[in-house]
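Q: coords please:
(2 chains)
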Amino acid sequence: MSDASINASTIREDEASFGDYFALLKPRVMSLVVFTALVGLLAAPVGVHPLIGFAAILFIAIGGGASGALNMWYDADIDRVMKRTKSRPVPAGKVQAGEALALGLALSGFSVVMLALATNIAAGAMLAFTIFFYVVIYTMWLKRSTPQNIVIGGAAGAFPPVIGWIAATGTMSVEPWLMFALTFMWTPPHFWALALFMRSDYDDAGVPMLTVTHGRRATRIHILVYTVLLAVLALGTAFSGIGGPVYLSVSLVLNALFLHGAWKISWRDEADSESDNFQVERAFFKLSLLYLFLHFGAILAEAVLKVYGLGGWA
Amino acid sequence: MSLRKTHELHQRRFGRNLGVALVLAGFIALMFGLTIVKVSEGGFEPPHQGDGS
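A: You can find the predicted model right below:
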């Protein structure tokens, strides 16, 4: 047998490509992690060498990707049922569940150690905690047992700006936790809007989403309540060390739009929603993506303006 | 069974190997750069004697 031959019995026509392994890292979620961690790093009042900053963001992104791979390993049974996730590499049969586990564990260890070496041990420890929180607390435990799964899962996605800040400063203060709270409070209305128009997905998978356990009416009210709390928090952040006039202007407009959307959602009944194929809910979901992106963009803008003696309230 | 060298499976495997190679090369370059930065910023300096720690 020469090395160019292939044993017909071992050929897997659906053998994974490099892209399939990359898809295990949930690149779209990773982009949010990269952006918020970058804002956390740049908003910190300490200058970081660009290469160290780049390395920090890269290792935070790899840590986020690793938890995505571990999530795909554990949730393969749910992903197989849901329309939105059944083409992921594990349920599609391109990557074995064990491979996803191995890749996730290896990259978790790698990213934590490398972040600690490139920046400081506190940042590495925070990344380790984030991975643990997302994989063990959220994926393995709470996702399948409580309708508040999204609220708690949101915390895992909210940690990156805190890690970015610690990577820059080595210490903790209130500002990164305001960024944490912003993402944390934003996640429930964002996902519940998705659950309203992807209705059969979560039901089929048996995931206790609020829409399934407490009904769609309660979900609409929850969206409104969380949006009001989020608006208070987002506007309050304008008067902290990371806020300023630019942030306040952006936040006022976005929160007015977001509250208007949540108000409309809370007053709609199912017949209205079905008649226009959940137009209001879909628009709210799209706006939520812009909402988070522009809030963090405004925090970044304030940080950049400070370099030129502008930005902030001073 | 004979397979031409350009079988689609070979291409996919080559793509995978190339991907791993590029990731490793990038990692080496990053480690080199980080080392230069850390050394020039004094990150690897041993603590001075008599610092009280």
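Q: any idea how far A:N120 is from A:Y291?
A: 32 Å (CB to CB, to the nearest Å). Quick note: C-beta positions are derived from backbone N, CA and C, even for glycine.
Q: what ranges do the strands span in the stretch 51-200 of chain A?
A: Secondary structure of the stretch 51-200 of chain A (DSSP state E, counting those that start in this stretch): no strands present.
Q: mind listing what the residue of it found nearest chain B touches?
A: Chain B sits closest to A:L51 of the stretch 51-200 of chain A, with a gap of 5.1 Å, by CB to the nearest CB. A:L51 sits next to B:30, B:33-34, B:37 when contact means CB atoms under 8 Å, 6 or more residues apart in numbering or on different chains.
Q: If we use 6 Å, what do you get?
A: By CB atoms under 6 Å, 6 or more residues apart in numbering or on different chains, A:L51 lies in contact with B:33, B:37.
Q: Distance-wise, check it relative to A:F59.
A: 13 Å.
Q: so A:F180 sits right up against A:A158, yeah?
A: Yes - counting by CB atoms under 6 Å, A:F180 touches A:A158, with 4.6 Å between them.
Q: check which helix or strand covers residue 30.
A: Answering for chain A, as no chain was given. Here A:M30, judged by DSSP states H and E, is contained in helix A:27-43.
Q: not quite, I wanted chain B
A: Short version, using DSSP H and E: B:L30 is in helix B:8-40.
Q: Please spell out which residues along that helix are buried.
A: Judged by neighbour count using 16 or more other CB atoms under 10 Å in any protein chain shown, the buried positions of helix B:8-40 are B:12-13, B:16, B:30, B:33-34, B:37-38.
Q: Need the contact partners of stretch B:17-28.
A: Applying CB under 6 Å, 6+ apart, the set of residues contacting stretch B:17-28 is A:F18.
Q: Relative to A:E15, how far out is B:R16?
A: In terms of CB to CB, B:R16 sits 9 Å off from A:E15.
Q: so what's A:G19 up against?
A: With CB under 6 Å, 6+ apart, A:G19 has no contacts at all.
Q: And the closest residue to A:G64 other than its chain neighbours, how far from chain B?
A: Among residues not flanking A:G64 along the chain, A:V33 sits closest, at 3.9 Å (CB to CB, 6 or more residues apart in numbering or on different chains). Look at A:V33 and chain B: by CB to the nearest CB, to the nearest Å, they are 18 Å apart.
Q: How many neighbouring residues does A:V33 have?
A: A:V33: 26 surrounding residues under other CB atoms under 10 Å in any protein chain shown.
Q: Tell me if I'm right that it and A:G65 touch.
A: No - A:V33 lies out of contact with A:G65 (CB under 6 Å); the separation is 8.2 Å.
Q: Name the helix or strand of chain A that has the lowest mean pLDDT.
A: The weakest-scoring helix or strand in chain A, judged by mean pLDDT, DSSP states H and E, is helix A:199-205 (a mean of 71).
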